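Undergrad: Mind folding the following:
(2 chains)
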Amino acid sequence: MKDFQYVTPKTLREALSCLSSHGEKSRILAGGTDLLVQMRSKRHQPEYVIDVKQIPELSELSFGNRKGLVIGASVPCFRLYSDANVAERYPGIVDSASIIGGIQIQGRATLGGNLCNSSPSADSTPALIAYSAVCNIVGPNGKRVVSVEEFCLSPGKNALQSGEILVSIQIPPNKKNQGGHYQRFIPRNEMDIAVVGVGSWVELANRGKEFKKVRIALGAVGPTPIFAEKSSDILIGKAVNDEAAISTVALTAREEASPISDMRGPAEFRTHLVGVLVKRTLTGAVDRAKGKFVANAVQEETA
Amino acid sequence: MSKIQVQTTINGDPSEFLCEARQSLLEVLRDVVGFTGTKEGCNDGNCGACSVLLDGVLVNSCLVLGVEAEGKEITTIEGLASPEGLHPAQQKFLEHAALQCGICTPGFLVATKALLDQNPDPTEHEVRHWLAGNLCRCTGYDKIVRAVLDTAQDMRQS
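TA: Alright, predicted model coming up:
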């Protein structure tokens, strides 16, 4: 790895001034589980590495009844599933945070980094989109907010402009009749990159009998994670046990996906998986919205 | 480029070293400080051979910069045994023959310590999930999983 200048700003202001003076010659370091690998393989050879882990706003992990969940951009995955509020209120986020790499990776890797790396197969991004998360960004011109579904633009490219930094990801406060679920397909049990990942989130009405709001997001089936808006809207007002409607959603989601064929799977297989995982994650989300236990990859099924 | 002075605690002892920004914690531990028990496998975060604890958190030392360890407590495989004897996991790995070539073993042992520190009674599923980031090309994992479950049982009884 080429040597570089290591910088540790303690405040957002300092970080922004580092970014404005070094610009394209710098890279931001949070968990480092993508960046250090990319620097070793010479994909990035920054002259300045800006370690943002000492900036308080980026290490914040907090929940409030009004603001919802704030996940600082440098908060590692393990802090998410160790946090009682996240585990109880946002289980779909825990689903994804607990399958990104192995435990060693989860000790460092961050959802902020997963988002900024902007890989189409990022596990946490469909879960964040399903939960209506937004990105809090600061830059030379002040603050702005971008929805997670609008953040990724193409593989490796995102909405951050020169001099801007992702400060945190924010998810609206949860309500009792809401639930989310994320699942991916991989040919192994763990430690793999999603062939397809799907996040679903629902809000139920009429004592848990019908869908009030639905958000479905697809990963690894397009150049960016996709918010499947058309599919999501179909279920509004439908009964949770309306299997015909759920099948229509699965078919529509297959159409909203635009997968390629690569070493992880042919496009036809990925399209098939979208249908399967949409149904499974919708079922998981509905069950969680009703207060039922739905196991994630770490927990054993206790049915 | 010039070297940077880093102050840490390694296995309970204050430790100060000089390193370049580009050096990983793994390189620093092995080549600068001389703790060669931590192994280099893939050097890109896939194999877990270089596992250490950083402020009690299990990490791959190949994916941490030496300079990021400033002010942190590091536990390496050398910190597991005490003058009184081996860590229970080390003893059980021997009894169960949970190693063959041994390159992955320090990583597995550090990962096992991290698991049992926070979950003294893991299920087999939890053990397998926790150790998924540690690769072993010799044993087929089964003996390792048995050794970890047996360690947990012994540690709960003592």
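Undergrad: Quick check: phi and psi at the residue in the stretch 51-200 of chain A that chain B sits nearest to.
TA: Nearest to chain B in the stretch 51-200 of chain A, going by CB to the nearest CB, is residue A:102, at a distance of 2.0 Å. Backbone N, C-alpha and C define where each C-beta goes, glycine included. Backbone dihedrals for residue A:102, given as degrees, to the nearest 10, come out at phi -100, psi -170.
Undergrad: out of everything not next to it in sequence, what's closest to it?
TA: Computed as CB to CB, 6 or more residues apart in numbering or on different chains, the closest residue to residue A:102 that is not its neighbour in sequence is residue B:133, at 2.0 Å.
Undergrad: pretty sure that neighbour is in contact with residue A:100, am I right?
TA: No - shown here, residue B:133 and residue A:100 do not form a contact pair, counting by CB atoms under 8 Å, at 10.8 Å.
Undergrad: Let me see the domain layout of chain B.
TA: B:4-79, B:88-157 (automatic domain parsing).
Undergrad: Now do the end-to-end distance for the last one.
TA: Think domain B:88-157. In terms of CA to CA, to the nearest Å, the two terminal residues of domain B:88-157 are separated by 12 Å.
Undergrad: ditto for the first one
TA: Taking CA to CA, the span from the opening residue of domain B:4-79 to its closing residue is 25 Å.
Undergrad: From the chain's centroid, how far away is that domain?
TA: Using CA atoms, centre = their mean, to the nearest Å, the mean C-alpha position of domain B:4-79 is found 10 Å from that of the whole chain.
Undergrad: can you check the shortest one too?
TA: For domain B:88-157, the gap between its own C-alpha mean and the chain's C-alpha mean amounts to 11 Å (CA atoms, centre = their mean).
Undergrad: where does the stretch 201-303 of chain A dip in pLDDT?
TA: A:301-303 (pLDDT under 70).
Undergrad: In it, what residue comes closest to chain B?
TA: For the stretch 201-303 of chain A and chain B, the shortest gap (CB to the nearest CB) falls at residue A:300, measuring 5.0 Å.
Undergrad: Can you tell me, leaving aside adjacent residues, what's nearest to that residue?
TA: Nearest residue to residue A:300, sequence neighbours excluded (CB to CB, 6+ apart): residue B:125, at 5.0 Å.
Undergrad: Now do the SS call for the spatially most central residue of chain B.
TA: Using CA atoms, centre = their mean, the residue of chain B that lies closest to the mean C-alpha position is residue B:110, 3.0 Å off. The local conformation at residue B:110, judged by DSSP: H, G, I helix; E, B strand; the rest coil, is helix.
Undergrad: I figured it hits residue B:49, correct?
TA: No - with contacts defined as CB under 8 Å, residue B:110 does not count as touching residue B:49, sitting 10.0 Å away.
Undergrad: coming back round to it: buried set for the helix or strand encompassing the residue nearest to residue A:300?
TA: In the assignment (DSSP states H and E), residue B:125 maps to helix B:124-130. For helix B:124-130, the buried set under the neighbour-count rule, 16 or more other CB atoms under 10 Å in any protein chain shown, comprises B:126, B:127, B:128, B:129, B:130.
Undergrad: Touching, the third one and residue B:148? I think so.
TA: No - under the criterion of CB under 8 Å, residue B:128 is not in contact with residue B:148, lying 9.4 Å apart.
Undergrad: one step back: show me the contacts for the residue nearest to residue A:102.
TA: Contact criterion CB atoms under 8 Å, 6 or more residues apart in numbering or on different chains gives A:101, A:102, A:103, A:104, A:105, A:191, B:48, B:51, B:60, B:111 as the residues in contact with residue B:133.
Undergrad: 7 Å - rerun?
TA: Residue B:133 sits next to A:101, A:102, A:103, A:104, A:105, A:191, B:48 when contact means CB atoms under 7 Å, 6 or more residues apart in numbering or on different chains.
Undergrad: What about the residues you listed, which are in helices?
TA: The subset of those located in helices under the criterion DSSP state H comprises A:103, A:104, A:105.
Undergrad: returning to that earlier point: in contact with the residue nearest to the centre of chain B, which residues are there?
TA: In this structure, residue B:110 makes contact with B:51, B:52, B:53, B:77, judged by CB under 7 Å, 6+ apart.
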